[in-house]
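Trainee: Turn this into a structure:
(chains A and B, ligands or ions: 1)
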Amino acid sequence: MGSRSGVSATPVSNAGVSLTKDEILRYSRHLIMPEVGMEGQLKLKQAKVLCIGTGGLGAPLGLYLAAAGVGRIGLVDFDCVDLTNLQRQVLFGTGDVGRPKIEAAADRLRDLNPEIKIDTFEAHLTSENALDILKDYDLVIDGTDNFPTRYLVNDACVLLGKPNVYGSIFRFEGQITIFGYQGGPCYRCLYPEPPPPGLVPSCAEGGVLGVLPGIVGTIQAAEALKLIIGKGEPLTGRLLLFDALAMRFRELKLRKNPACPVCGEHRTITKLIDYAEFCGIRGEEAPAPPTTAPEITPRDLKARLDRGDNLFILDVREPHEYQICNLGGHLIPLGDLSRRAGELDTSREIVAHCRSGKRSAEAVEFLRRAGFRKIWSLKGGILAWSDEVDSTIPKY
Amino acid sequence: MAIKVIIPTPLRAYAGKRESLDVNAATVGEALAALTSQYADLKKHLFADDGRLRSFVNVYVNEEDIRYLQKDQTHVRDGDTISIVPSIAGGAMD
Ligand SMILES: [Zn+2]
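Mentor: Prediction:
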């Protein structure tokens, strides 16, 4: 690229696009480095980027893309800000709790950079609306949190020929790459199918180090900016793994799968499909499989305890959860139950509980198979106990 | 021959909370068998009922995906690292 002559009284222009004096000052730290320069900054100004999700990954992404002067940023989200988001979703403040994320995010980004245009889509991305929403953007950044949407975003990007800057996180580990760039491998090349719902780690086994989406999201932002200005080596054909606990990056080779159903030689997917069905999920949310475990409601349990019934309370959560709050129960994590069932007395009446009722139902089913008969699962877990019986028990 | 197998975060709960494990094996298949014989709970997370590696779990020898080598027959040598990399979906995590 040729460098342009220095000071100019008129705005510098490129294909009819130019920077105002204010913009030149705002982006001066970009303009004075040759890798961006005026040419790169004008590319950024003309770029149209769609961020799917404004949560943990979308927050740092949105902030850096807006700050960098990406001319048009689309945001897709349907959620409202809640208190548990603030641990990592740095786009939002305490005053935003309860507001639609899209609205709070757009306000924050417009405040950060009023020179750019923010498009908002307050919607679930679906097979019906995805192509229409994606089609006007140059590149897509996937910051979603579930498998159906990830496969939907992938397929829509492949069908439209748009690069997809991908990032995903779990606890303290992240995966980052660019899919579908210049005919490169796609998400289905990497993972042909999602895990069945039963094998996805449950929310209780989840959690995320707050800064992790910040690191992964800013890597996605860096890759997006590089693609736009056309500099450097894009993170394509490589899967970057990051482990914040070990503070280590690793890189694996990512190859295009010739048998890929959406981008391979004999493609069988030529339009968007039903992604909930593909991921084995009925309805919008992954429903808990119906439990056959006998349950007791928090109110009934409270009544029985108040009556002085001699019930044995079994807590099947993890020790770190017990420290957050507990009902004074005997702690045996679900994963240890088969090994430690001997600690339990089959002749006693037992009420098992966890956070939300899912793990305790599993525990009760297991113990019934092991011969326990007088055993119930606390319906709704400690969350329901907090709602219905004792509001001093914190929820998490 | 000592082969290091790196266990990903989501599967550590089924592998005694270990981050990695050294096994003796000549192929990837043997290494994974050694792993699942020690940690039986891992098996259903790594393999489908027909015994094939699940399609949301990839296995790498050093940097290379075994699907593009000789799959579970891929030879491993002393000092090689096997990485198990399952698909994770999290992002916004609400
Ligand atoms: Zn593909």
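Trainee: mind listing the helices for the stretch 1-150 of chain A?
Mentor: Ranges of helices in the stretch 1-150 of chain A, per DSSP state H, counting those that start in this stretch, are A:21-26, A:28-31, A:37-46, A:58-68, A:101-112, A:130-134, A:147-160.
Trainee: Give me every residue in chain B lying close to chain A.
Mentor: Proximity of chain B to chain A is confined to B:8-10, B:13, B:19, B:41, B:44-45, B:54-56, B:58, B:60, B:63-65, B:67-68, B:83, B:85-94 under the rule C-beta under 8 Å from any C-beta of the partner chain. For the C-beta atoms, the positions are set from N, CA and C on the backbone; glycine is no exception.
Trainee: Write the ChimeraX selection for whichever of those residues are buried.
Mentor: Selection of buried members from these for ChimeraX, criterion 16 or more other C-beta atoms under 10 Å in any protein chain shown:
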select /B:8,9,10,13,45,54,56,58,60,65,67,83,85,86,87,88,89,90,91,92,93,94
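Trainee: now, which of the residues of chain B next to chain A lie within strands?
Mentor: B:58, B:60, B:64, B:65, B:83, B:85, B:86 (DSSP state E).
Trainee: residues in contact with the fifth one?
Mentor: The neighbourhood of residue B:83, defined by C-beta atoms under 8 Å, 6 or more residues apart in numbering or on different chains, consists of A:241, A:250, A:252, B:5, B:6, B:8, B:59, B:60.
Trainee: which one of those residues is nearest the ion?
Mentor: Of all these, residue A:252 has the smallest distance to the ion: 16.2 Å, by C-beta to the ion.
Trainee: Pairing-wise in the sheet, spell out the partners of the closest one.
Mentor: residue A:239 (DSSP bridges).
Trainee: surely it meets residue B:66?
Mentor: No. Using C-beta atoms under 8 Å, residue A:252 is not in contact with residue B:66; the gap is 11.2 Å.
Trainee: tally of neighbours for residue A:115?
Mentor: 16 (other C-beta atoms under 10 Å in any protein chain shown).
Trainee: er, residue A:294 actually
Mentor: Around residue A:294 there are 15 residues (other C-beta under 10 Å).
Trainee: what does the one 10 residues further on give?
Mentor: Residue A:304 is surrounded by 15 other residues when neighbours are defined as other C-beta under 10 Å.
Trainee: What's the ChimeraX syntax to select whichever of the contacts of residue B:83 are buried?
Mentor: Here is the ChimeraX command that selects only those of the contacts of residue B:83 that count as buried (16+ other C-beta under 10 Å):
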select /A:241,250,252 /B:5,6,8,59,60
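Trainee: which parts of chain A sit against the ion?
Mentor: For chain A, the contact set with the ion under C-beta under 5 Å from the ion comprises A:186, A:188, A:189, A:260, A:263.
Trainee: one more time with 8 Å, if that's ok
Mentor: Within reach of the ion by C-beta under 8 Å from the ion, chain A has these residues: A:154, A:158, A:179-180, A:185-190, A:256-257, A:260-264.
Trainee: From those residues, which land in strands?
Mentor: Per DSSP E, the subset of the residues of chain A next to the ion in strands is residue A:179.
Trainee: Could you pick out the buried ones from the residues of chain A next to the ion?
Mentor: A:154, A:158, A:179-180, A:185-190, A:256-257, A:260-264.
Trainee: Okay, and which of those map to helices?
Mentor: A:154, A:158, A:187, A:188, A:189, A:190 (DSSP state H).
Trainee: Which residue ranges of the stretch 251-396 of chain A form helices?
Mentor: According to DSSP H, counting those that start in this stretch, the helices that the stretch 251-396 of chain A contains are A:275-278, A:298-306, A:319-324, A:337-340, A:358-369, A:381-388.
Trainee: Touching, residue A:234 and residue A:226? I think so.
Mentor: Yes. Shown here, residue A:234 and residue A:226 form a contact pair, counting by C-beta under 8 Å, at 6.1 Å.
Trainee: Of the ones in strands among the residues of chain B next to chain A, just say which sits nearest to residue A:55.
Mentor: Nearest to residue A:55 out of those is residue B:86 (C-beta to C-beta; 21.2 Å).
Trainee: Not counting sequence-adjacent ones, nearest residue to the closest one?
Mentor: Closest residue in space to residue B:86, ignoring its immediate chain neighbours: residue B:57 at 4.8 Å, by C-beta to C-beta, 6 or more residues apart in numbering or on different chains.
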